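1. give the three-dimensional model of this entry:
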Amino acid sequence: MNHKEPTAECEQPDLNSSKKSLIRKSIGIIDKSLLKIEEEILSWGIIALAALVIGGVVSRTVFNQSWIFMEEVANTIMIIITFLGLGYCVRKARHIRMSAIHDMLPKRIRKVLIIIVCTGTGGMMLVMGYWAMLYTSQVYTAGNVTPALRIPFFFIVMWVPIGFFMAAIEYFMAIGKNLRSTEVYLSIEVPDVYEDENQVST
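-> Okay, the predicted model is just below:
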């Protein structure tokens, strides 16, 4: 009996599929790591902001002394939470949506509409991120610092372009999710169902 050796054509698809599988796993690991970092920063940022405000009130009321650094630190934490939370809100589909007409449309049209909205909003996030990056570059060049703690303004405003770019990535990932799936997804994690339906399914 003659045994044919496997040809390069037979081996190539297996090689390509293994590469794609490795890329998907790598992207998944990076995505989960970024999500964990986001959650940690947002969680501890909110806790730190609450502790700072409570501590400032107690210090002013009990000891009759105000914390000079309180406003600077609070502003910095607020900026970090606000703009770093952009991407997290998109991932969890917690951003404001006008869905009255959207909910009445057929499934196919809803999917197309979601893709269009994500494309436009993601593109806008990229533009805003680019403008914010230019502004951050100007702030870095100026070298200004805060009056009390001497915190570089660059450290405060650099979170603005980071937040915009991360939000854009989440919108584009939502587009990919809708293109790969037969269902309609508001984000890469959240399907287009009512809140109670989503909770039952999970």
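2. so where's this structure uncertain?
-> Scanning the chain for pLDDT under 70 picks out the ranges 1-20, 22-24, 27, 194-202.
3. secondary structure element for the residue nearest the centre of it, which one?
-> Residue closest to the mean C-alpha point of the chain, counted by CA atoms, centre = their mean, is Gly87 at 1.8 Å. Assessed by DSSP states H and E, Gly87 sits inside helix 70-91.
4. how about Leu179?
-> Assigned by DSSP H and E, Leu179 belongs to helix 159-180.
5. excluding chain neighbours, give the residue nearest to the residue nearest to the centre of the chain in space.
-> Met166 (3.4 Å; CB to CB, 6 or more residues apart in numbering). Heads up, the C-betas are built off the backbone N, CA and C, glycines and all.
6. ok, for Met125, nearest residue in space, not its chain neighbours?
-> Closest residue to Met125 in three dimensions, ignoring its sequence neighbours and counting by CB to CB, 6+ apart: Ala168, at 3.7 Å.
7. so where do the helices sit in this structure?
-> Assigned by DSSP state H, the helices in the chain fall at 8-62, 70-91, 107-142, 153-157, 159-180, 195-201.
8. in CSV: the ones you listed, plus distance to Leu186.
-> Shown next, in CSV, are those (distance: least, CB to CB, whole Å):
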stretch, distance to Leu186
helix 8-62, 17
helix 70-91, 9
helix 107-142, 7
helix 153-157, 30
helix 159-180, 7
helix 195-201, 10
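9. out of these, nearest to Met98?
-> helix 107-142 (10.0 Å; CB to CB).
10. the residue nearest to the centre of the chain against Ile37, yeah?
-> No - contact criterion CB atoms under 8 Å: Gly87 and Ile37 do not qualify, at 10.8 Å.
11. now do the residue lying closest to Gly143 once chain neighbours are set aside against Val184, distance only.
-> Nearest non-adjacent residue to Gly143, counting by CB to CB, 6+ apart: Pro152, 7.3 Å away. Going from Pro152 to Val184 by CB to CB, to the nearest Å gives 44 Å.
12. likewise for Leu52?
-> Leu52 is 42 Å from Val184, by CB to CB.
13. and these two? which has more neighbours close in?
-> Val184 (21 against 17; other CB atoms under 10 Å).
14. got a list of what that one touches?
-> Lys107, Arg110, Lys111, Ile114, Asn178, Pro191, Asp192 (CB atoms under 8 Å, 6 or more residues apart in numbering).
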